[in-house]
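Participant: okay, here's the prediction I keep looking at, along with the sequence it came from:
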Number of protein chains: 2
Amino acid sequence: MTRAIGDRRPTIEDIARMAGVSRGTVSRALNGGRHVSASSLAAVQQAVRDTGYTVNAAARSLATRRSNTVVFVLSEPGERLFSDPNFSVLLPACTHALAEHDFSLILMISATEAERDRVLRYVRGGHVDGVLLVSTHGGDPILPAIDQTGVPVVSCGRALDESLGIPYVSANDREGARQMVRHLVESGHRTIATIAGPQDTPGGVDRLLGYRDILGRRARKRLIVEAADFGYDAGVAAMAELLNRSSDIDAIFAASDSLAAGALTVLRRAGRAVPHDVAVGGFDDSSVAATADPPLTTVRQPLAQVAREMVEVLLAVIRGETVSSRVLPTRLVVRSST
Amino acid sequence: MTRAIGDRRPTIEDIARMAGVSRGTVSRALNGGRHVSASSLAAVQQAVRDTGYTVNAAARSLATRRSNTVVFVLSEPGERLFSDPNFSVLLPACTHALAEHDFSLILMISATEAERDRVLRYVRGGHVDGVLLVSTHGGDPILPAIDQTGVPVVSCGRALDESLGIPYVSANDREGARQMVRHLVESGHRTIATIAGPQDTPGGVDRLLGYRDILGRRARKRLIVEAADFGYDAGVAAMAELLNRSSDIDAIFAASDSLAAGALTVLRRAGRAVPHDVAVGGFDDSSVAATADPPLTTVRQPLAQVAREMVEVLLAVIRGETVSSRVLPTRLVVRSST
DNA sequence: CTCTGTGCTGTGAGCGCTCACAGTACTTGC
DNA sequence: GCAAGTACTGTGAGCGCTCACAGCACAGAG
């Protein structure tokens, strides 16, 4: 790899000189190769190979007014941040999907108000072509704020307030819950309780709706406990509360795997065998589900696909196409806890 | 917020006109405010506020040849990727630490060879001022490759091959292992086995070294099983193997919490009570440790601090200072499994 | 009163690219 | 034979910023 003289990075001008063509031809050769003769194209490619040339992103950005960069905004109160198992699947998958379109992903976290301002300043600053927003709680002020910047945005998970009309991609939480509860009913369980997720999140709301869809009037009030969050500790507390309220429960639908894991612990301590005495179903198919004892029956969200479609939708919006939200099917994964 | 005429984003020229000063003065006012009179400064700030002006990052980058951007490269074979609990702590923490210095974080994944090439092209392309490298396996070819680009890099975790002299930040795995094994010895256990991590990773190597440090000649060969990776399944397999080899084991030191969780499952099925019959110690203090049953005694790595120091070291290298690697102390977290 | 500093300010050049336009050469159809 | 394409190419301008330089006013020292 011969370095250009002076050891500064080669520019398009250097390539042009080496290939014996002009700046414009090099630029065309680099961007699709329309209107470039085969010989010029080859010469440019050779020069690029010889020098290890790469276009200067800043210069290109400045000229095109596009950055080929997208920001992934994680808007969560700090505590949830690390525990959310979805995040660690979603993020790499988005990175991957974007890379295929030669887009880069910038990660920003918006847990505090100061961070939110920083994100908004950044987005408004025109640094990115679009925003992938992951925010679990409804009424998140960042949603309308980003919308107002006019920068394309796609949200992960249905916004509780759909009035903004921001496109989203999500798993079908409601139908997923139905699949699980239907499965519990068909397995012969009669008294099916639920540990519902927080009702300020679409996941929490929709999974409870699915539970009610199947059980109808059998969905008795005292069999429903709303957890503070989707975490393990909340599962422990909720399960204790349920055992307190009702002794004849023979199945639990927990709105997340972590909640289910908490329930499992309480049941074991109470001497209730799973699934013999009480069946337990989770949601997410996270790593917790597979490593729980017994391994959890759960509902799998197609997170990798959610990521791919979020990227697809966002890029479409960036191109100026009109798009609509997408809701992807979930799948019941039966293991030994039911 | 009055928009500039024509609804295009305001430029530094617009601000200059509004504030009644020149481009240069605005630029100075924006960057530290040296050599700017109080009245000019105030006028510029007012204009910025009125227009919602933000500097164009591409233009600034082009002029300064710096991007205020760092790339976080996750170099892992795909399977490990999602399961690694450290990643989901490290990444947000790095983002956070960088934000405080007004740096942005770009995430790239280098699982395949094609992805590695993409990362290298990107880094070579001068898109970023530095690289934060997270690579668990030794002999990763991306390390020397990035080093050769001349772009500043800091690695997370000791490189097995230290000949390159790339600065790293890591937890003191060896001493952490010593803390755990010492604790097991002091609790009266006599036959302490270990489920070692893969020996092509610094964590795997150093934690086994720590185990040997304490047990000396008592570290009998048949009490050591090397797991294929740090995951749950490997823990299941390793524990089964250990039970097969030796029946008088009364304590296990597993090189990760997931490995320990796998061991826990096997022990329960074998009818061995934890910690009564067999004590089990993990490593990482990940969410698995807290939700395991019984909750795992483990070794906490100061990951948030690792992230902060990685950023600190990297920024120092970028500024041209000479730095040295840092090894941070771990802490034993005693729960009910020992 | 001149000289040398010490703020502060404006200006030109240039960072490396793309895009529109204006060529040039070579076809093809009549 | 010439007109009207078609394919490729070079050039100028400009994206929005920073940086070095030069200019200016005003101070205090000689």
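Facilitator: Now that the structure is in, tell me what you want to look at.

Participant: could you list the low-confidence segments of the stretch 1-150 of chain A?
Facilitator: A:1-7, A:77-85 (pLDDT under 70).

Participant: shouldn't residue A:131 be within a strand?
Facilitator: Yes - under DSSP: H, G, I helix; E, B strand; the rest coil, residue A:131 falls within a strand.

Participant: and for the nearest residue to it once chain neighbours are set aside, the neighbour number?
Facilitator: In space, and not counting its chain neighbours, residue A:131 is closest to residue A:153: 4.2 Å by Cβ to Cβ, 6 or more residues apart in numbering or on different chains. C-beta coordinates here come from the backbone N, C-alpha and C atoms, glycine included. Using other Cβ atoms under 10 Å in any protein chain shown, residue A:153 has 24 other residues around it.

Participant: do I have it right that residue A:153 meets residue A:130?
Facilitator: Yes - between residue A:153 and residue A:130 there is a contact under Cβ atoms under 8 Å: 6.7 Å.

Participant: give the residues shared as contacts by these two.
Facilitator: Residues touching both residue A:153 and residue A:130 (Cβ atoms under 8 Å, 6 or more residues apart in numbering or on different chains): A:314, A:317.

Participant: re earlier: gap between the residue nearest to residue A:131 and DNA strand D?
Facilitator: Per Cβ to the nearest atom of the strand, to the nearest Å, residue A:153 is found 22 Å from DNA strand D.

Participant: what pLDDT does that residue get?
Facilitator: Model confidence at residue A:153, given as pLDDT, is 95.

Participant: show me what contacts it?
Facilitator: A:130, A:131, A:132, A:133, A:146, A:147, A:166, A:314, A:317.

Participant: now residue A:148
Facilitator: Going by Cβ under 8 Å, 6+ apart, the list of residues near residue A:148 is empty.

Participant: what are the phi and psi angles of it?
Facilitator: The phi/psi pair for residue A:148 (degrees, to the nearest 10) reads phi -70, psi -20.

Participant: same deal with residue A:252?
Facilitator: phi -130, psi 130.

Participant: grab the nearest non-local neighbour of it.
Facilitator: That would be residue A:280: by Cβ to Cβ, 6+ apart, it lies 4.9 Å from residue A:252.

Participant: just residue A:210 next, same as before
Facilitator: residue A:177 (2.6 Å).

Participant: need the contact partners of the helix or strand that contains the one you found.
Facilitator: For residue A:177, the element it lies in under DSSP states H and E is helix A:173-186. Contacts to helix A:173-186, defined as Cβ under 8 Å, 6+ apart, come from residues A:192, A:194, A:202-203, A:206-211, A:213-215, A:251, A:253, A:255, A:279, A:281, A:283, A:297-299, A:301, A:329-332, A:334, A:338.

Participant: centroid residue for chain A?
Facilitator: Chain A has residue A:90 as the residue nearest its centroid, 4.2 Å off, counting by Cα atoms, centre = their mean.

Participant: touching, it and residue A:303? I think so.
Facilitator: Yes - using Cβ under 8 Å, residue A:90 is in contact with residue A:303, at 5.6 Å.

Participant: where along chain A do the strands fall?
Facilitator: If DSSP state E is used as the criterion, the strands of chain A fall at A:69-75, A:104-109, A:130-135, A:153-156, A:168-171, A:192-196, A:224-226, A:251-254, A:279-281, A:298-300, A:326-328, A:331-333.

Participant: name the stretch among these that sits most buried.
Facilitator: Of all the strands of chain A, strand A:251-254 carries the top mean neighbour count, a mean of 30, counting by mean count of other Cβ atoms under 10 Å in any protein chain shown.

Participant: closest to chain B among the contacts of residue A:153?
Facilitator: Nearest to chain B among the contacts of residue A:153: residue A:132, at 11.7 Å, using Cβ to the nearest Cβ.

Participant: look up how far DNA strand D lies from the closest one.
Facilitator: Residue A:132 is 25 Å from DNA strand D, by Cβ to the nearest atom of the strand.

Participant: all good on my end, thank you.
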